[in-house]
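Enquirer: Structural data only, the sequence is not supplied:
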């Protein structure tokens with residue numbers, strides 16, 4: 001095993017050159033074309049080209065990018081499948097999820113590659129060589145052809161694994177490692193590769209021997225930058241799929257576990273480890289994620305949010321128990337989980353409060369804990385609080401927000417005060433969408449005398465209004481008609497809140513002759 005400098009990153013590059021055809025073969029329990037050459041074709045400019053092929057097709061002389069007609073000419077028995085780029089991308093995402101067991105920093109390298117930042121974690125797997133062998137052996141066991149390389153940056157590792165498999169480049173030896181490789185390994189365009197060959201530069205070492213200004217002037221700054229990265233002269237950072245969690249603990253099993261008892265016990269022990277790690281820095285978790293890695297490569301992620309920073313393992317254990325019991329798709333262990341991980345993807349500093357004498361603090365804690373448990377069962381977006389908004393539009397005066405994140409704001413929210421002895425100006429129940437009604441009024445712009453709502457007729461005995469509300473013209477959707485609201489009471493004592501939409505003889509005109517139109521009426525709410 002090579003010694004690795006701690007000052008530079010170490011990147012494991014994985015390349016799955018036959019991912020499309022491997023995916024198709026894996027999806028079939030029994031391959032009816034087993035033993036026959038197979039290929040995947042992709043339509044490009046009204047021509048079917050070979051997009052992926054297996055080893056048998058390659059032995060018959062089929063090559064990538066070859067027209068299908070030419071491929072059939074050299075291999076008449078070729079079995080052809082249509083490309084499904086979305087399915088290929090989904091499978092690559094699934095492989096990336098599986099690679100999370102080795103490092104949380106996994107990036108996609110489209111179309112058929114992955115980049116793993118293994119800096120600082122190789123000792124957990126016995127070194128770089130054993131880690132790379134473990135990854136490749138597992139992928140090969142699942143029917144995937146894979147090539148891998150490790151270097152100090154992504155471009156160098158990618159350049160190597162397109163040509164050789166299993167190469168580990170010590171820090172500082174990147175230029176020596178890539179020098180004998182063909183210039184096509186840099187991934188430049190066909191025009192750049194052809195131009196380099198015409199200039200007599202066939203290997204990366206030949207290109208590196210020329211002046212950088214000369215290369216930039218002929219082939220562009222982008223190619224020069226890739227060359228410098230491949231030679232180890234410049235860094236090539238990766239973009240991980242997920243933001244690294246603040247805290248992470250995991251547990252690996254010598255034998256896969258599948259029983260609920262063992263899974264629950266393992267999750268409890270991970271919760272204790274996570275709380276202990278956060279307590280050293282005085283922090284608590286606001287978002288927790290539990291990852292369950294199955295032996296067949298599938299990964300299940302369960303997440304819970306909390307209203308306040310959690311610092312107790314028992315609380316974490318209870319929240320996940322509530323979440324697991326409420327899953328529509330139960331946690332299926334299959335042949336068992338060989339690894340479990342618990343992480344705090346978002347954490348906050350815990351503010352110490354006097355909790356022994358302040359009953360209000362205890363009440364808030366209990367309410368927050370109750371909201372967390374309900375949210376774990378039915379989802380955080382379904383548990384909301386309403387906060388006031390400074391607007392006169394009735395349906396916008398209250399803004400629903402997740403209770404877990406806005407509970408504290410409810411204690412300082414300033415709602416309009418109701419005048420003593422006066423009836424409420426707004427109904428207790430406000431409809432999400434106003435319902436159309438039929439109204440008979442003495443004059444077009446007068447109060448209603450009778451209306452029909454939900455096929456029931458109501459005679460108005462008392463009416464109060466109008467309260468005129470114009471739409472907010474400065475908003476993108478504020479070009480609506482002016483509303484005249486009325487509080488009315490029918491002969492049975494039922495009280496309603498309804499409005500006339502549009503001002504008669506001003507906003508409502510027929511476009512063909514300019515004559516006034518009859519306004520529409522809507523029911524917007526009910527008083528108690």
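Expert: Looks like it arrived, so ask away. Computed from a predicted model, the values in this text were never measured in an experiment.
Enquirer: Could you list the low-pLDDT ranges of the protein?
Expert: Applying pLDDT under 70 to the chain flags residues 1-7, 29-31, 352-364, 478, 510-514.
Enquirer: most centrally placed residue in it?
Expert: residue 242 (8.4 Å; C-alpha atoms, centre = their mean).
Enquirer: and that residue, which of the three is it?
Expert: coil (DSSP: H, G, I helix; E, B strand; the rest coil).
Enquirer: can you tell me how far it sits from residue 118?
Expert: According to C-beta to C-beta, to the nearest Å, residue 242 and residue 118 sit 16 Å apart. The C-beta positions use only the backbone N, C-alpha and C, and glycine is treated the same way.
Enquirer: For the residue nearest to the centre of the chain, which residues are in contact?
Expert: Residues in contact with residue 242, defined by C-beta atoms under 8 Å, 6 or more residues apart in numbering, are 100, 104, 106.
Enquirer: Now render these as JSON lines, adding secondary structure, distance to residue 22 and neighbour count.
Expert: JSON lines is the format used below for the contacts of residue 242 (DSSP: H, G, I helix; E, B strand; the rest coil; distance: C-beta to C-beta, whole Å; neighbours: other C-beta atoms under 10 Å):
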{"residue": "100", "secondary structure": "coil", "distance to residue 22": "21", "neighbour count": "21"}
{"residue": "104", "secondary structure": "coil", "distance to residue 22": "26", "neighbour count": "22"}
{"residue": "106", "secondary structure": "strand", "distance to residue 22": "19", "neighbour count": "23"}
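Enquirer: so which of those would you say is closest to residue 132?
Expert: Among those, residue 106 lies closest to residue 132 (C-beta to C-beta), at 14.6 Å.
Enquirer: so how many other residues sit close to residue 241?
Expert: Applying other C-beta atoms under 10 Å, we find 16 residues neighbouring residue 241.
Enquirer: ok, it touching residue 109?
Expert: No: contact criterion C-beta atoms under 8 Å: residue 241 and residue 109 do not qualify, at 11.0 Å.
Enquirer: Now name the helix or strand holding the nearest residue to residue 243 once chain neighbours are set aside.
Expert: Excluding the flanking residues, the one nearest residue 243 by C-beta to C-beta, 6 or more residues apart in numbering is residue 345, at 7.1 Å. Per DSSP states H and E: residue 345 is located in strand 337-349.
Enquirer: Name the nearest residue to residue 83, sequence neighbours excluded.
Expert: Closest to residue 83 by C-beta to C-beta, 6+ apart is residue 42, at 4.2 Å.
Enquirer: For the one you found, list each beta-bridge partner.
Expert: Counting by DSSP bridges, residue 42 forms beta bridges with residue 49.
Enquirer: so who does it touch?
Expert: By C-beta under 8 Å, 6+ apart, the neighbours of residue 42 are 48-49, 51, 83, 85.
Enquirer: quick check, residue 158 in a strand?
Expert: No: assessed with three-state DSSP, residue 158 is helix; it does not lie in a strand.
Enquirer: so how far is residue 86 from it?
Expert: 24 Å.
Enquirer: And for residue 21?
Expert: With C-beta to C-beta as the criterion, residue 21 and residue 86 are 16 Å apart.
Enquirer: cool, residue 459 as well?
Expert: For residue 459, the distance to residue 86 - C-beta to C-beta - is 61 Å.
Enquirer: Specify which residue of these two has the higher count of neighbours.
Expert: More crowded of residue 459 and residue 86, by other C-beta under 10 Å: residue 459, with 12 against 8.
Enquirer: show me what contacts the more buried one?
Expert: Residues near residue 459 by C-beta under 8 Å, 6+ apart: 449-450, 490-491.
Enquirer: of the residues you listed, buried ones?
Expert: Burial by neighbour count, judged by 16 or more other C-beta atoms under 10 Å, picks out residue 490 from the contacts of residue 459.
Enquirer: Kindly indicate which of the contacts of residue 459 lies nearest residue 400.
Expert: Of all the contacts of residue 459, residue 400 sits closest to residue 490, with 30.8 Å by C-beta to C-beta.
Enquirer: my guess is that closest one contacts residue 458, does it?
Expert: Yes: between residue 490 and residue 458 there is a contact under C-beta under 8 Å: 4.1 Å.
Enquirer: Common neighbours of these two, please.
Expert: By C-beta under 8 Å, 6+ apart, residue 490 and residue 458 have these common neighbours: residue 496.
Enquirer: Helix, strand or coil: sort out residue 322 for me.
Expert: Per three-state DSSP, residue 322 ends up helix.
Enquirer: helices or strands up against the helix or strand hosting residue 107?
Expert: Using DSSP H and E, residue 107 falls within strand 106-109. Contacts defined by 3 or more C-beta pairs under 8 Å, 6 or more residues apart in numbering; DSSP states H and E place strand 106-109 against strand 11-15, helix 85-99, strand 113-117, helix 154-161.
Enquirer: Apply 6 Å and report the result again.
Expert: strand 113-117 (3 or more C-beta pairs under 6 Å, 6 or more residues apart in numbering; DSSP states H and E).
Enquirer: Quick one: residues contacting the residue nearest to residue 243.
Expert: By C-beta atoms under 6 Å, 6 or more residues apart in numbering, residue 345 lies in contact with 245, 287, 289.
Enquirer: Now the residue of the chain most remote from its centre. Nearest residue, chain neighbours left out?
Expert: Centroid-distance maximum for the chain: residue 442 at 57.4 Å, with C-alpha atoms, centre = their mean. Closest residue in space to residue 442, ignoring its immediate chain neighbours: residue 449 at 5.9 Å, by C-beta to C-beta, 6+ apart.
Enquirer: and the gap between the one you found and residue 438?
Expert: According to C-beta to C-beta, residue 449 stands 12 Å off from residue 438.
Enquirer: likewise residue 515?
Expert: 21 Å.
Enquirer: ok so, going back, name every strand pairing with the strand holding residue 345 and say which way it goes.
Expert: Strand 337-349 has the following strand partners under DSSP bridges: strand 247-257 (antiparallel), strand 283-294 (antiparallel).
Enquirer: can you count the residues close to residue 39?
Expert: 28.
Enquirer: Buried residues of the helix or strand hosting it, list them for me.
Expert: Using DSSP H and E, residue 39 sits in strand 38-44. For strand 38-44, burial by neighbour count (16+ other C-beta under 10 Å) applies to 38-42.
Enquirer: Looking at the residues you listed, which is nearest residue 312?
Expert: residue 40 (52.5 Å).
Enquirer: ranges for the helices of the stretch 251-400 of the chain?
Expert: Secondary structure of the stretch 251-400 of the chain by DSSP state H, counting those that start in this stretch: the helices cover 260-279, 313-325, 359-378.
Enquirer: now those as TSV including distance to residue 472 and mean neighbour count?
Expert: TSV is the format used below for those (distance: least, C-beta to C-beta, whole Å; neighbours: other C-beta atoms under 10 Å):
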stretch	distance to residue 472	mean neighbour count
helix 260-279	45	17
helix 313-325	40	18
helix 359-378	32	15
